[in-house]
Structures are given as structure tokens and as C-alpha cells.
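**Student:** Generate coordinates for the sequence data below:
(chains A and B)
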2 protein chains.
Amino acid sequence: MINLQTILNFPIINEGDIISDIIMDCIKYNKITLQNNDILCVASKIVSIAESRILSLESIIPSPLAYEIHKKVPRKDPRIIQQIINETGAADGSRVEVSDNYIGAWLPNGMRLTSAGIDKFSEDKIILLPINPDESAKNIGEKILNKLGINVAVIITDSDGRIEKRGATQIAIGIYGLDPLRTTSFNGKIIEETICDMFAASAGILMGQRGNNKPVVIISGYEFDFNQSSCINSALAKNKD
Amino acid sequence: MINLQTILNFPIINEGDIISDIIMDCIKYNKITLQNNDILCVASKIVSIAESRILSLESIIPSPLAYEIHKKVPRKDPRIIQQIINETGAADGSRVEVSDNYIGAWLPNGMRLTSAGIDKFSEDKIILLPINPDESAKNIGEKILNKLGINVAVIITDSDGRIEKRGATQIAIGIYGLDPLRTTSFNGKIIEETICDMFAASAGILMGQRGNNKPVVIISGYEFDFNQSSCINSALAKNKD
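**Tutor:** Prediction:
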């Protein structure tokens, strides 16, 4: 039996906030008892805000390439397109894929996300992914361990979709404490499952989208070997290098 | 709070078995109490077997196109490649995408699946998707309603991955009772979430892969409006027609 629960009355996060402290306060307030090997799924957005990953659109000057892509995807501000290109680390746009009304971006670590994971924060500001989501996850997990003496795994989640389906699900972009892949063997064949994305998606059921204010989901009852050195990279296919 | 539980001691399914009856027997045996608006996730594989969707490889004669694709993806039997082409409904291969070591297939209804959802059943047999997964889901849901008087939603799930990640997650390929999309609005903008895939992925945590023999997961505690006319098509982007 696996249980999913969210934390109610989560405050609005501001730049500089310490996410782990706020989670621990809210858990106490909600009378939730964390246990060893619980898995915390945390929406990347609140991590990004806390880490001050907010950028003013005024500060971005679009290149000719950004304007060219803007002609194909007119709904996207050319300055946001420029930042998508910047996030991929390839100024020539070679790690950006434009199809229909959609921009896919391959990040330097091998992650692939719609619009490089960039969201609008306000009319004139955007919000970028955490610089190192594995580190963000580790920080939260280690601070909870230090203060409560409990080993929780942490998954940083972000919204993303599939090309054939409408709508978005949640996927994992950073991880701590839990191997991102589950490996089993059957008839001598090794089978890999993207267990990190399964947890992220299950958390998405309760998180919902913007304005819902349920950015943290606690998953209990899943047995796994705690692994302090886990990272998302071991689940990345890296087939676009 | 959402709960996920699997049905233990599920029997091996054979051609002609009535999945709904077997689920009801197992639920009784496991002393699980189904409730209105529970969601049953059912692995497509057992549905396919029950529906006799098993094909002998001997019966398939590969076209020159299948042999051409086989040169790019040598690990795939040319006869299986032929059946992947067949499943897309486009003999010219226009709905098949070959990249690296991988064949993506767009099915006639707008669904996209690795290898058209075809799996090996044995050395000389393959297993195809249910002909109409929405109908399969509806059959299970309606039979449970008729026998137990309980309205459960049913999601038929299949394994599939993301291009940038190793391993597979579970996605929804058929649905009954529950809208496959969740729609909310924020700041006047309509936001769609692929809630069917979130449930499928969450079920995948307990289902595991082949040989695990946990093909049914019961999800409880999610509030939704029961919709007897839901179908997977309303979640499909249909951008490849």
C-alpha cells in the first residue's frame, strides 16, 4: 500500500526562503509524521523562487535566431526564446527542437524539457529551473535529516507533456536518496523503469497546476534502499550529445 | 490522501479469460472493499491476452520497407517491424519514426507508442494492444457495476518511455469513467493536465514490469465526477494526422 498526501496551507514562497525549514514547519502544523524512506516530491517552481532564479525579460536581447524561431512559434516572446537557447548552452540553436507550436530544449546535462523548463513569473519576468536540481534535492533531504533525524528521499518535479497527448504530467528533474531507475530482470533480460518519473507523476495528481498551492507531496509505504549519492544523470539517456 | 494498492495472487491470464470476473474474484480473496469512484489501473498485457491479441511471427511476411528499417534497428525482428508498420495503418511507413535504436509508431487513433505497443510473447509469438482499449476499459467497469453496484473508473495502461530518459513509465491507452484530462484555470488561462497518465504512472510504481504479476492497481481517495462517456481520444493531440 502506498499513500500520497499533500501539505495544506503551504505559504507563498519568496526569494531567499529556506524550503526545507518551511516544509518542516508545515509538516508539524499539519500534524504529519515523516518516516524513514518517505519520498518528498517538491515542485521545481518553489525551489527556483527560493533560489532567486527569476530573470527580468528586459535584460534579454534576442538574437536573429530567436526572432527566426519566433516566426514559427509566434505565441512565444522572442526574449523567452533567447533564454531557452541560452539554457541549452548551444548559441547556434542546435539543441533546440521546434515543431508545430512547441519548443523542446536539450539542457547541457542531457535533460529535455519543453521551453527549457522556463515559465512566466509575471508580465515582465520569467522563472528558470534550479541551477542544480540534484543539489536542491540533497539540500532539502540533508537538512531534514540533520534536524529530524529522518532519511527522506527528495524528488524535484517539473511539468512536461508527451507529444501525442494534450496536457502536462510531472517528471523528475532532480533527485536525492533514491535511485532514479528501478532495475529488475526477467527471463535473463534487464528491465529498467523510470521510477523517478512515476513518483513525480503520482505527486502531480495532488499537486495540480499553478494557483493550487500544493507544491509538496509526501509518498509513504514504498520500500527502497536509501542511496545518498543518487542523481538524475544516471537516468538520462544522453543520446543527444 | 490517495491510496494505491495492488491485488496479490493474481492468476496468470489465458486467452478467453474474463478480466472483470477475475478482478472481482481476486478483490474478494484479498478482502479489498471497492468503493464508488475508485480507479482501477489494468496492464494492457493481460487485456490483450484475454482478447487473444497474440500473433505468430511465422504468419508475417516482411516488406522491403521492414527490411530497410531492420538495417537501422538490427535488434528488431523484421517481422515485428512489419507488424509495427501494419499497426499504424500506413503501409508506406509514414507514421513510423526511426531514431537511434528505437521505433516510434503513430497509431490510427492518434496514440503514439514505442514499437506500436507490440511486445514479445514468446520466441515465435508477439502480443498486440487491445483492439479498442476504451472498450476494454468500459467492459471491465460496466461488469463491475452490474455485479457489485459500484462505479469504478478503469484505465488501461501500457509501458512507454521518454526520449531523454532511460527506462519506461506507464501511460494510459484506454479509459472509462474518468475524463483523461484535468482542466483548471489560472489567471484566465486554461491549464490542461494529463491526469490519465499520472494515474497510469502511479500504478506503475506497484505494477512493476513483466514477471512481477501485479497487473491491477486500485487507486482510492481521488474525487472526480464520474463520466461514463469518457475516452482516451479527448486527450490525444492528433497533431500527426
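**Student:** Is it correct that residue A:8 falls within a strand?
**Tutor:** No: with DSSP: H, G, I helix; E, B strand; the rest coil as the criterion, residue A:8 is coil rather than part of a strand.
**Student:** Contacts only, for it.
**Tutor:** Neighbouring residues of residue A:8 by CB atoms under 8 Å, 6 or more residues apart in numbering or on different chains: A:26, A:30, A:214. In short, each C-beta sits where N, CA and C put it, glycine included.
**Student:** try 6 Å this time
**Tutor:** Residues counted as contacts of residue A:8 (CB atoms under 6 Å, 6 or more residues apart in numbering or on different chains) are residue A:30.
**Student:** what's the answer for residue A:182, then?
**Tutor:** A:193, A:195.
**Student:** same deal with residue A:173?
**Tutor:** Contacts here follow CB under 6 Å, 6+ apart; on that basis residue A:173 touches A:133, A:156, A:158.
**Student:** quick one, phi psi at it?
**Tutor:** Here is the backbone geometry of residue A:173 (degrees, to the nearest 10): phi -120, psi -10.
**Student:** Let me know the helix or strand that the closest residue to residue A:209 other than its chain neighbours is in.
**Tutor:** Here the nearest residue to residue A:209 in space, its sequence neighbours aside, is residue B:191; by CB to CB, 6 or more residues apart in numbering or on different chains that works out to 4.5 Å. Element membership of residue B:191, judged by DSSP states H and E, is strand B:189-193.
**Student:** do you know how far the residue nearest to residue A:114 when sequence neighbours are not counted is from residue B:105?
**Tutor:** Closest residue to residue A:114 apart from its sequence neighbours, by CB to CB, 6+ apart: residue A:160 at 5.5 Å. Distance, residue A:160 to residue B:105, using CB to CB, to the nearest Å: 21 Å.
**Student:** who has more neighbours, these two?
**Tutor:** When residue A:160 and residue B:105 are compared for neighbours, residue B:105 comes out ahead with 26 against 22, by other CB atoms under 10 Å in any protein chain shown.
**Student:** next one: phi and psi at the closest residue in space to that one that isn't next to it in sequence?
**Tutor:** Excluding the flanking residues, the one nearest residue B:105 by CB to CB, 6+ apart is residue B:116, at 3.8 Å. Residue B:116 adopts backbone torsions of phi 60, psi 20, taken as degrees, to the nearest 10.
**Student:** so residue B:116 touches residue B:104, yeah?
**Tutor:** No: applying CB atoms under 6 Å, one finds residue B:116 not in contact with residue B:104, separated by 8.8 Å.
**Student:** got a list of contacts for stretch A:134-147?
**Tutor:** Contact with stretch A:134-147 is made by A:19-20, A:47, A:130, A:151-152, A:154, A:156, A:174-177, A:231-232, as judged by CB under 6 Å, 6+ apart.
**Student:** Looking at those, which are in strands?
**Tutor:** Using DSSP state E, the subset of the contacts of stretch A:134-147 located in strands is A:154, A:156, A:174-176.
**Student:** Could you export the residues you listed as JSON lines, including distance to residue A:94, pLDDT and neighbour count?
**Tutor:** Formatted as JSON lines, those follow (distance: CB to CB, whole Å; pLDDT from 0 to 100; neighbours: other CB atoms under 10 Å in any protein chain shown):
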{"residue": "A:154", "distance to residue A:94": "33", "pLDDT": "98", "neighbour count": "29"}
{"residue": "A:156", "distance to residue A:94": "27", "pLDDT": "98", "neighbour count": "30"}
{"residue": "A:174", "distance to residue A:94": "25", "pLDDT": "98", "neighbour count": "27"}
{"residue": "A:175", "distance to residue A:94": "28", "pLDDT": "98", "neighbour count": "30"}
{"residue": "A:176", "distance to residue A:94": "31", "pLDDT": "98", "neighbour count": "27"}
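**Student:** from those residues, which single one is nearest chain B?
**Tutor:** residue A:175 (11.8 Å; CB to the nearest CB).
**Student:** which residue sits farthest out from the middle of chain A?
**Tutor:** residue A:187 (34.5 Å; CA atoms, centre = their mean).
**Student:** residues touching that residue, list them.
**Tutor:** By CB under 6 Å, 6+ apart, no residues touch residue A:187.
**Student:** how far away is it from residue B:50?
**Tutor:** Going from residue A:187 to residue B:50 by CB to CB gives 22 Å.
**Student:** The nearest residue to residue A:174 once chain neighbours are set aside: neighbour count?
**Tutor:** Closest residue in space to residue A:174, ignoring its immediate chain neighbours: residue A:133 at 2.4 Å, by CB to CB, 6+ apart. Using other CB under 10 Å, residue A:133 has 28 other residues around it.
**Student:** Was I right to think residue A:133 contacts residue A:156?
**Tutor:** Yes: checked against CB under 6 Å, the pair residue A:133 and residue A:156 is within contact range at 4.3 Å.
**Student:** which residues do those two both contact?
**Tutor:** Common neighbours of residue A:133 and residue A:156, counting by CB under 6 Å, 6+ apart, are A:173-174.
**Student:** and residue A:136, that's in a strand?
**Tutor:** No: with three-state DSSP as the criterion, residue A:136 is helix rather than part of a strand.
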